[in-house]
Every structure is written in structure tokens, then in C-alpha cells.
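Novice: next come a sequence and a model predicted from it.
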2 protein chains.
Amino acid sequence: MQFEDTAAYLLAKATVLHKNAIQKYANSVGLHSGQVFVMMELWKVDGQRQIDLAARVNLSPPTVNKILGGLLENDFVTRARYEDDARSTRIFLTPKGVQVREALEEAWIELEEQTLGSLTDTEALMLKQLLEKLFL
Amino acid sequence: MQFEDTAAYLLAKATVLHKNAIQKYANSVGLHSGQVFVMMELWKVDGQRQIDLAARVNLSPPTVNKILGGLLENDFVTRARYEDDARSTRIFLTPKGVQVREALEEAWIELEEQTLGSLTDTEALMLKQLLEKLFL
DNA sequence: CTTTGAATATTAGCCGGCTAATGGTAGCTT
DNA sequence: AAGCTACCATTAGCCGGCTAATATTCAAAG
């Protein structure tokens, strides 16, 4: 059997390089690679609980907790207790957290170009459709 | 701008879930997720130097060094000095390291089915071709 | 032959992922 | 009211990724 012929292998291989690219562009706007996806969810819906954030980004609660620690230290978000339920905390964007979105959008456009650089427009569209079908 | 519409976003999203799947099947044969790709390279060419392994798997030398530490502890590989160059070490598979390939192949087939479960054969082929074009 | 520079492995330290275990709270059952 | 159970956040500890810095060795230049 040839591992290299499997989609599972190719997808993992692509992952490694893509992760490096994300890290590069995330760092260029002052974020770490893991933080960007949490921020994206908060830009969609602000004030979410950690457990809901974890579900949205498909990460474990401890991982999200750790990532939020970094975002808190750098004043991208704040934590607030939720009055109706003392177990939960809600995470809110700071002005700095709102503002960094614009910078990330610009960086993301470059990332997208780099990612799809070797593909035609048709192929790019096909890839996106297949990825959506794969895991959504 | 909608991050969710970009291939960079979708690829990262697919990555997260795929990594979990790899971890699950790797563990089922006694390996950790990062170790499987190093082993695959050794199954192709045994006795490689660490620096060359790192290049083959697209990881940094310190990362490969750490992964090899785990493989050494569990007797999947051995280290041997390279006669011609005292800077280098060569990594060789142990019998256990050779043997585990068969188990991983079986697990990998299941992983492949799970990964491509939602796709038709045509789509699966297309995905593989696009991934190859992306990062090879 | 000495010095300088490149290459290889390794260590330290960070972030990002996981599981397992803890502690506190809410809610339901009795 | 008491107690069981489920839920949420957090901590501890592991593996996997990175960059930066170190030590050793090789090779090439002087």
C-alpha cells in the first residue's frame, strides 16, 4: 500500500505547510495562529461563552481556555461573568479586538492568493466546494 | 469580507478535524500522530539523517528530534552515528518499527474511508489531484 | 596549519492541540 | 431541604509545532 496515494495523507501534508502560512500572516497582525479562528467567531457573534466558542471552532474547552488567556493578556478580549449562571463566563471583544479585524482581512487576502497560487479559478472553486463537502 | 468563503479558511477548518482522526487511528496502533509521517519516510528509505527526514516531512529539525525521542523510547527506531561525518546521526527502523507498518496500513484504510465518506469516487479523485497540485 | 564559516544535532522556551481530573454551580428528584 | 447529576471553567500533564541559541564537527580559505 502506498500511503502517498491516499487523500488522508495528502490532506495532512497540505496541512503542515498551510499551518506555517497561517502562522506567518497571523503574526504579521500581532496574533498567534490559534487565536485567529477564535477571533473570527467573536467577530461573528460577540459575548459568547467559552463552551460555545469551543464548539464553533471544533476545539476542546481547555484549548480555547488557553488561547483566550493569550488574547486576554494582549487586550484583544475581556472576560465577564454571566449573571444568570455563575458557571459561565462570556467573552467580549475590546476595541483593539474589533480593530484588528481589518488588518487580518488584508493579510488573509494575501494568504488566499498564496494558497491558491498554483490553481486556476475553476480549480480553486472546485477545491472550496470539495472542502466544504468534506467537513461541513 | 467573509473569511468563511476563502479556501484558506476551509482548509484550516478541515485540518482541525482531520488531525483528530489521524490521532485516533495512530493511537490505535501505538503511535502518536506526529510519529506516523516520520515512520512513513523511514519505510520508504531507512537509515536517513535527521536533517533529511525533517526536509522530507516538511518539519523543523527540532520537531523531528523531539518526535524521534518518542520513537526511540518506544523502540520503533534506533540511532547510529554516521561513519563519514560525526555531526550526523542515522535513524534505523527496529523490527518493531518495521512490523507496525502493517497495522498502520489497515488503520489507514479505515481513515481514508472516513475521510472521503461524504464524497463520490469522482470527487475523491478530484480532491486528491487538487491537493497534490496545491502543495507538491 | 590556522582560522573562519557552514552544517548537524540538540536544548530551551513558547504556543497550540489533546485527555483526565478538579471545583464550583445549576437543576432536577426525592 | 438534601442529594444526585449534569454542566462550565480551569488545572495538570502530555505530544507536536515553531524560533533562537549552543556545541560540535567539517570544510574551505588563508
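Specialist: The structure has been received and is ready for your questions.

Novice: what's near enough to touch A:Val57?
Specialist: A:Phe37, A:Val38, A:Glu41, A:Val64, B:Val16 (Cβ atoms under 8 Å, 6 or more residues apart in numbering or on different chains). Glycine gets a C-beta too; all of them are placed from N, C-alpha and C.

Novice: contacting DNA strand D as well, which ones from the residues you listed?
Specialist: When contact is defined as Cβ under 7 Å from any atom of the strand, the contacts of A:Val57 do not meet DNA strand D at all.

Novice: the residues you listed, buried ones only, as a ChimeraX selection?
Specialist: The ChimeraX command for the buried members of these (criterion: 16 or more other Cβ atoms under 10 Å in any protein chain shown) is given here:
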select /A:37,38,41,64
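
Novice: export the contacts of A:Val57 to JSON lines and tack on pLDDT and secondary structure?
Specialist: As requested, those are arranged in JSON lines below (pLDDT from 0 to 100; DSSP: H, G, I helix; E, B strand; the rest coil):
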{"residue": "A:Phe37", "pLDDT": "98", "secondary structure": "helix"}
{"residue": "A:Val38", "pLDDT": "98", "secondary structure": "helix"}
{"residue": "A:Glu41", "pLDDT": "98", "secondary structure": "helix"}
{"residue": "A:Val64", "pLDDT": "98", "secondary structure": "helix"}
{"residue": "B:Val16", "pLDDT": "94", "secondary structure": "helix"}
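
Novice: any buried residues in stretch A:8-17, and which?
Specialist: Of all the residues in stretch A:8-17, those buried under the rule 16+ other Cβ under 10 Å are A:Ala8, A:Tyr9, A:Leu10, A:Leu11, A:Ala12, A:Lys13, A:Ala14, A:Thr15.

Novice: mind checking which of those residues are in helices?
Specialist: Of the buried residues of stretch A:8-17, the ones assigned to helices by DSSP state H are A:Ala8, A:Tyr9, A:Leu10, A:Leu11, A:Ala12, A:Lys13, A:Ala14, A:Thr15.

Novice: get me the contact residues on chain A for DNA strand D.
Specialist: Proximity of chain A to DNA strand D, by Cβ under 7 Å from any atom of the strand, involves residues A:16, A:19-20, A:23, A:49-51, A:54, A:61-62, A:65-66, A:68, A:79, A:85, A:87-89.
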